[in-house]
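Coordinates for the following, if possible.
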Amino acid sequence: MNIYVIMKKTFDTEEKITLQNGKINEDGAEFIINPYDEYAIEEAIQIRDANSGEVTVVTIGGEEAEKELRTALAMGCDKAVLINTEDDLEDGDQFTTSKILAEYFKDKDADLILGGNVAIDGGSGQVGPRLAELLDIPYVTTITKLEINGNQATVVRDVEGDSEVIETSLPLLVTAQQGLNEPRYPSLPGIMKAKKKPLEELELDDLDLEEDDVEPKTKTIEIYMPPKKEAGKVLQGELDAQVKELVSLLRNEAKVI
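The predicted model follows:
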């Protein structure tokens, strides 16, 4: 089987976000594999081990994304691909990402593409479905179980506290939800092997894409930190008086009623 994982580099979940000149300051920040993508990587490795084939992990970004790709290789992926847009794109959105990935995949014989349900830095959950639509293949999101039997797949997906079972066929794109599996940690032998595994680097020119082809459809107007939480206010007096004061505060200060 030809199995692919689309992966994103995100801020460490424990990283303190700071802003500089209206943008997120990345200097000295720690980055990791998007946690939901780790479930996709683990599932891809398990499916490969059960069905044979190889796993290729693909990401879009700059040279610094090689670190996360090497981590994926150390976990057990066979190959890695970096689509380097550092010199071509200043900004991008979900349209940009899915368009670039679709061009990469258009001549690939992919049986299965896995990705995370959402990226923790954006949370849109759009890239997987957009990519599947561009490739004209079935897709199932927020999966918690995946079984492959020949050319058929049985998928269990999370539907806000309940489960839905779907039967479909390959090629297929799925996005991983928490609970799909328990991602492994890279072992020392895996880290050593990862240094020798192939890591291919491509640019937009290699995909016959121009900057105008992947120009984002959305624009970020402003990035700002949420206001600091103010101290709570304790109401005093009789219950009737407290209710009247609460209503007044909600109407005049909080302006929510």
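
most residues in a single helix of the chain, which one?
Counting by DSSP state H, the longest helix found in the chain is helix 35-51.

Which residues belonging to the helix or strand following that one are considered buried?
Tracing the chain C-terminally past helix 35-51 and defining elements by DSSP states H and E, one meets strand 54-61 next. Within strand 54-61, the residues that count as buried by 16 or more other C-beta atoms under 10 Å are V55, T56, V57, V58, T59, I60, G61. The C-beta positions use only the backbone N, C-alpha and C, and glycine is treated the same way.

for the first one, what are its contacts?
When contacts are counted by C-beta atoms under 8 Å, 6 or more residues apart in numbering, V55 touches I3, Y4, V5, I41, A44, I45, R48, G76, C77, D78, K79.

Check the fourth one and give its pLDDT.
Note for I41: predicted pLDDT of 98.

how near is it to D212?
Separation of I41 from D212 (C-beta to C-beta, to the nearest Å): 33 Å.

Tell me which of these two has more neighbours.
Each of I41 and D212 has its neighbours counted (other C-beta atoms under 10 Å); I41 has more, 27 against 6.

Confirm for me that the more buried one is in contact with D78.
No: in this structure, I41 is not within contact of D78 by C-beta atoms under 8 Å, at 11.6 Å.

if we can go back for a sec, and which of the buried residues of strand 54-61 is nearest T96?
Relative to T96, the closest of the buried residues of strand 54-61 is I60; by C-beta to C-beta it sits at 8.4 Å.

Identify the bridge partners of that closest one.
For I60, the beta-bridge partners are I83 (DSSP bridges).

is it true that it touches E86?
No: I60 is beyond contact range of E86, at 10.0 Å (criterion: C-beta under 8 Å).

Contacts only, for L250.
L250 neighbours (C-beta under 8 Å, 6+ apart): V256, I257.

That one should be in a helix, yeah?
Yes: counting by DSSP: H, G, I helix; E, B strand; the rest coil, one finds L250 located in a helix.

Turn the contacts of V55 into JSON lines, including distance to Q177.
Listed next are these as JSON lines, based on distance: C-beta to C-beta, whole Å:
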{"residue": "I3", "distance to Q177": "18"}
{"residue": "Y4", "distance to Q177": "19"}
{"residue": "V5", "distance to Q177": "15"}
{"residue": "I41", "distance to Q177": "14"}
{"residue": "A44", "distance to Q177": "15"}
{"residue": "I45", "distance to Q177": "17"}
{"residue": "R48", "distance to Q177": "20"}
{"residue": "G76", "distance to Q177": "21"}
{"residue": "C77", "distance to Q177": "20"}
{"residue": "D78", "distance to Q177": "24"}
{"residue": "K79", "distance to Q177": "25"}
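
Among those residues, which one has the most neighbours?
Compared across the contacts of V55, A44 has the highest neighbour count, 30 neighbours, by other C-beta under 10 Å.

Please verify my assumption that it contacts D78.
No: using C-beta under 8 Å as the test, A44 is too far from D78 to be in contact (9.8 Å).

For the lengthiest strand in the chain, buried residues please.
For the chain, the strand with the greatest residue count under DSSP state E is strand 139-149. Buried residues in strand 139-149, defined by neighbour count with 16+ other C-beta under 10 Å: Y139, V140, T141, T142, I143, T144, K145, L146, I148.

what pairs with that strand, and is each one parallel or antiparallel?
Here strand 139-149 is paired, per DSSP bridges, with strand 152-158 (antiparallel), strand 172-176 (parallel).

With just CA atoms, put the last one into CSV.
Written as CSV, here are the backbone C-alpha positions of strand 172-176 (Å, rounded to 0.1, in the frame of the first residue of the first chain):
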residue,chain,number,x,y,z
LEU,A,172,-9.4,7.3,0.8
LEU,A,173,-8.5,10.3,2.9
VAL,A,174,-9.2,10.2,6.6
THR,A,175,-8.5,12.7,9.5
ALA,A,176,-7.6,11.4,12.9
